[in-house]
Structure formats: structure tokens, C-alpha cells
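Chemist: generate coordinates for the sequence data below:
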Amino acid sequence: MSYKLLEHSVDDRGVAFVTLNRPEIHNAFNDELIQEIIKVFIDIETKENIRLVVLSGNGRSFCAGADINWMSSMIAYSMEENVSDSKNLALMFEAINSCSKPVIGKINGHALGGGVGVVAVCDYVITHDKAKFGFTETRLGLIPAVISPYVLNKIGESHARAWFLSGEMFKGDKALQMGLVHEVTSLENFEQRSTEVITSHLQAAPKASGLAKSLIFDVLSLNKKDTREHTCKAIAQQRVSDEGQMGMKALLEKTKPGWVK
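Modeler: As a prediction, the model looks like this:
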């Protein structure tokens, strides 16, 4: 499948690279890019050979949020048209968030507005010390509504109240402190460390990695009694699975399991 506004490739390790490719306007969203992101993640979900996804951007920025030209077309939108448009954006975030493969956010530059929403739906986020972040919607008279469920899950109420309201931008060290990103490197070390993060994720069994992600969502949504039943059954099923048996055998025999190349 070919794409116009993003780049997509899969290497022989099963690593899918998805790169936003509108560098001249800082990889800002429009309808077409939103639809392409949804399509590529739907496609990735169907490919058993894909083990993880690396999401990044071309150029100096990761994603500056909404394309100004696209936003200008919304000025004349009715309430119903605005709701419909926002639902498409929500589908994009959910497609990334619910991906059964680990999603590594390789945040190569500034992430603003909706771009921070993309950061929030990645499982592991690495960035560098020159990148800036910001919930800049209020400085345009808007609010970070569609991204808020995902961002709140990452940073919590206190940080949301501190940064949603002013729209002020902040650097990677602050993003790390609030839990929005997981690692900040120097710009010079960014590529090397990103490669190391990918390699580390590939040590995990592919199916177990996806099931671990599902487990998090399940446990957060269940009550105490149902959680006990669910988690006991989940580990039992994985112990008798092909991956579980292979992993435990490799541990006992002091060898590497088959998924480690």
C-alpha cells in the first residue's frame, strides 16, 4: 500500500517504520494525513510478521498539530460538521493507541497541540533535549479536547491543569517529569539510543508483548474480583503457550529463545 503524506517500511526484523512526511509544514495534520495514519495502523494490525512500530517525523519537527490551511476551512463548519471532523481525529488516536504491537514514539522534534496527542498514544517515547512540547490549543482559542483522554492517562490531572490552561511550551525534561515521555537524550545521541530502544523491545516475545499491552487495558477496567480471575487465567494460558514453553525452556537451558535473532 502506498502513501502520499507518510513513509512506511518494514525491515527484516519485523520493525515497521511509520514516518510523517510533511516536513515543510512541520508534519501538521490534515484530513488526508489523518486517514493515511488510520489506514497504515489498520494494515499493520493485520501483518503477523510485524513485531513493533516506530513512529517518527521527517524534518525538524515531529508534529505541529493541525495544518493551518486545514483549520481555516473549519471556520465555516457547522456544529455537526465539526463533530464529524473531530470523530475522524479521534479514530486516528485510537488506531495508534489500540495497536496490538508495541509503538515506539521516536520524537525527532517539536510536538504541539494534536502532535502531543500522538506522543501520548505511544507505548514508549524517546526524544532529545532540543525538542519542545505544548498543549497550545488555548492560545488559538481552542481546547485540547480530543487528545485529553490519552494525555490525562499519561500525565494525570495535576500536570494537565498546569499546562492545558496556559498553552505554554515546555522542554523534554519537563515532559519526562510529568510522564509524557520516557527518555530524553542529547540530540547527538538520539539516533543511537533510539536504535538501542528498538533492539531492547525485540528481546520480548512478540505475542507476549502484545498480550502484556492488552493486560494493562484489561486490569485498569476491571474490578478487584474480576481482576484476580482474569490475571490468574492470563498467566496460566501464557505458561502453556508455545512462547511460554519456549521461553521457560530457554531459561532452564541457558539458551536464547527462538524470537531473539
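Chemist: mind listing the strands for the protein?
Modeler: 6-10, 15-20, 52-57, 61-63, 103-107, 110-112, 124-128, 132-134, 169-171, 183-185 (DSSP state E).
Chemist: looking at those strands, which is nearest to residue 261?
Modeler: strand 15-20 (11.4 Å; C-beta to C-beta). Every residue, glycine included, has its C-beta placed from N, CA and C.
Chemist: give me the sheet partners of that closest one and which way each runs.
Modeler: The pairing partners recorded for strand 15-20 under DSSP bridges are strand 6-10 (antiparallel), strand 52-57 (parallel).
Chemist: give me whichever of the ones you listed is most buried.
Modeler: Comparing these by mean neighbour count (mean count of other C-beta atoms under 10 Å), strand 52-57 ranks first with a mean of 24.
Chemist: give me the nearest residue to the residue nearest to the spatial centre of the chain, chain neighbours excluded.
Modeler: By C-alpha atoms, centre = their mean, the chain has its centre lying nearest to residue 122, at 1.9 Å. Nearest in space to residue 122, with sequence neighbours left out and distances taken as C-beta to C-beta, 6 or more residues apart in numbering, is residue 105 at 3.1 Å.
Chemist: which strand residues bridge the one you found?
Modeler: Beta-bridge partners, per DSSP bridges, of residue 105: residue 55, residue 125.
Chemist: what about the helices in the protein?
Modeler: Remark: helices assigned in the chain by DSSP state H are 31-46, 68-72, 79-97, 114-120, 148-163, 172-178, 190-201, 206-221, 224-239, 242-253.
Chemist: just so I know, which of those helices lies nearest residue 137?
Modeler: Among the helices of the chain, if distance is taken as C-beta to C-beta, the winner is helix 114-120, at 8.5 Å.
Chemist: so how far is that closest one from its chain's centroid?
Modeler: Counting by C-alpha atoms, centre = their mean, to the nearest Å, helix 114-120 is centred 8 Å from the centre of its parent chain.
Chemist: from the contact counts, what lies against it?
Modeler: strand 61-63, helix 79-97, strand 103-107, strand 132-134, helix 148-163 (3 or more C-beta pairs under 8 Å, 6 or more residues apart in numbering; DSSP states H and E).
Chemist: would CSV of the ones you listed with mean neighbour count and distance to residue 220 be doable?
Modeler: As requested, the helices and strands packed on helix 114-120 are exported to CSV (neighbours: other C-beta atoms under 10 Å; distance: least, C-beta to C-beta, whole Å):
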stretch, mean neighbour count, distance to residue 220
strand 61-63, 26, 27
helix 79-97, 15, 13
strand 103-107, 26, 18
strand 132-134, 21, 25
helix 148-163, 16, 9
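Chemist: ok, which of these comes nearest residue 116?
Modeler: Comparing the helices and strands packed on helix 114-120 by C-beta to C-beta, strand 132-134 comes nearest, at 5.6 Å.
Chemist: give the other helices and strands that that closest one contacts.
Modeler: With 3+ C-beta pairs under 8 Å, 6+ apart as the test, strand 132-134 has strand 110-112, helix 114-120, strand 169-171, helix 172-178 packed against it.
Chemist: right, and the ones you listed - which one's nearest residue 4?
Modeler: Using C-beta to C-beta, the nearest of those to residue 4 is helix 114-120, at 18.5 Å.
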